[in-house]
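**Student:** dropping a prediction and its sequence here:
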Amino acid sequence: MRYRGVDYRGKGVTVAIIDSGVDVSNPRLEGTEIEGWSITLGASQHAMLSADFADQNGHGTEIAIAVKRHAPEAKIVAVKIMGERLRTSAELMAAGIETAARNGAHVINLSLGTPNMGRALLLRDVCAKAVDMGAVVLAAAHPKGERAYPADLPEAVGVWAHMDCPIDKFFYFDPKRFSRKEWGVLSDKFLTHGYSAKPDGTQNRYRGPGIATAYLSGLVACLREARPDADAPETIDMLRRLALVPVPEIGYS
């Protein structure tokens, strides 16, 4: 990323990916510094950490690769809160955000969210703590513009993306609308992001708000490298100044 005439690659910046883990053997991540944990909840709802963050689904690995596209020298911290079926909970999301912030993450990426307003205060609390610790929290917005948390929280940066084909063809929301056989492992409760499907029903490529969040996380990592003294609000303000602003009369400026 070029900022004020200098190219930045995310060097010295830690990006936490709260997702399904990361496959460290993936050749597209060769040379990337990667560490992480898996988080589960005990019977008393206390978060328990383990060192195994192997990706059983591939989703988190694709997110890490997308982050690396814009910040190839950033350190990746995988915070695994989902398994093969991409199922999780707001409590695990909150534990992931707090764990990432407490372990020095400069950028926290969630290519997922929940439409459950009852969990908004829980997520807002941990996002506020993460911001106080100096992290920028980025989360995928609902692909149909409906509510989703933490993307809709003032402490987080919600990321949405334009689509190049009808959304219902590749986004999975409710098991009553689409059969599990057709939509595979995507969760019926939490939003991740969609994929376009091949005629045989297998995955083709990721697209939508989730992957856009990962790309933006990479750009934010570069901004954190460029301005290591900037806190989260200042970094977000830099993003606003760099953004293309739509002007109806003349297009984007």
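**Tutor:** Structure's in. What do you need? Numbers count the residues shown, from 1 in each chain.

**Student:** so the residue lying closest to A95 once chain neighbours are set aside bridges to which residues?
**Tutor:** Excluding the flanking residues, the one nearest A95 by CB to CB, 6 or more residues apart in numbering is A47, at 4.0 Å. For the C-beta atoms, the positions are set from N, CA and C on the backbone; glycine is no exception. Beta-bridge pairing for A47 (DSSP bridges): L41.

**Student:** pretty sure R224 is in a helix, no?
**Tutor:** Yes. Per DSSP: H, G, I helix; E, B strand; the rest coil, R224 lies within a helix segment.

**Student:** please renumber the chain so that the first residue is 6 from this point on.
**Tutor:** All set: I'll call the first residue 6, so the last point we hit is now R229.

**Student:** tell me the pLDDT at it?
**Tutor:** For R229, the pLDDT comes out at 97.

**Student:** please apply the same query to T119.
**Tutor:** 89.

**Student:** that one contacts E151, doesn't it?
**Tutor:** No. In this structure T119 lies outside contact range of E151 using CB atoms under 8 Å: 11.5 Å.

**Student:** who has more neighbours, the two?
**Tutor:** In terms of neighbours (other CB atoms under 10 Å), T119 is the more surrounded of T119 and E151; the figures are 23 against 11.

**Student:** separation between the more buried one and A153?
**Tutor:** Applying CB to CB, to the nearest Å, the value for T119 to A153 is 7 Å.

**Student:** and what of A140?
**Tutor:** 20 Å.

**Student:** ok, now K80?
**Tutor:** Taking CB to CB, one finds K80 at 28 Å from A153.

**Student:** who's more crowded, those two?
**Tutor:** A153 (25 against 20).

**Student:** now do the contacts for that one.
**Tutor:** By CB atoms under 8 Å, 6 or more residues apart in numbering, A153 lies in contact with 118-120, 144-147, 163, 196.

**Student:** in strands, which of those fall?
**Tutor:** Among the contacts of A153, the members falling in strands (DSSP state E) are 144-145, 163.

**Student:** can I get these in TSV with pLDDT?
**Tutor:** Listed next are the ones in strands among the contacts of A153 as TSV, based on pLDDT from 0 to 100:
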residue	pLDDT
A144	95
A145	91
G163	91
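
**Student:** format the residues you listed as JSON lines; extra columns: neighbour count and distance to T104.
**Tutor:** What follows is the ones in strands among the contacts of A153, written out as JSON lines (neighbours: other CB atoms under 10 Å; distance: CB to CB, whole Å):
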{"residue": "A144", "neighbour count": "30", "distance to T104": "16"}
{"residue": "A145", "neighbour count": "29", "distance to T104": "19"}
{"residue": "G163", "neighbour count": "20", "distance to T104": "21"}
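
**Student:** which one among those residues gets closest to I70?
**Tutor:** A145 (16.3 Å; CB to CB).

**Student:** tell me where this structure has helices.
**Tutor:** Using DSSP state H, the helices found in the chain span residues 64-75, 95-107, 125-137, 185-188, 214-231, 237-247.

**Student:** good, wrapping up.
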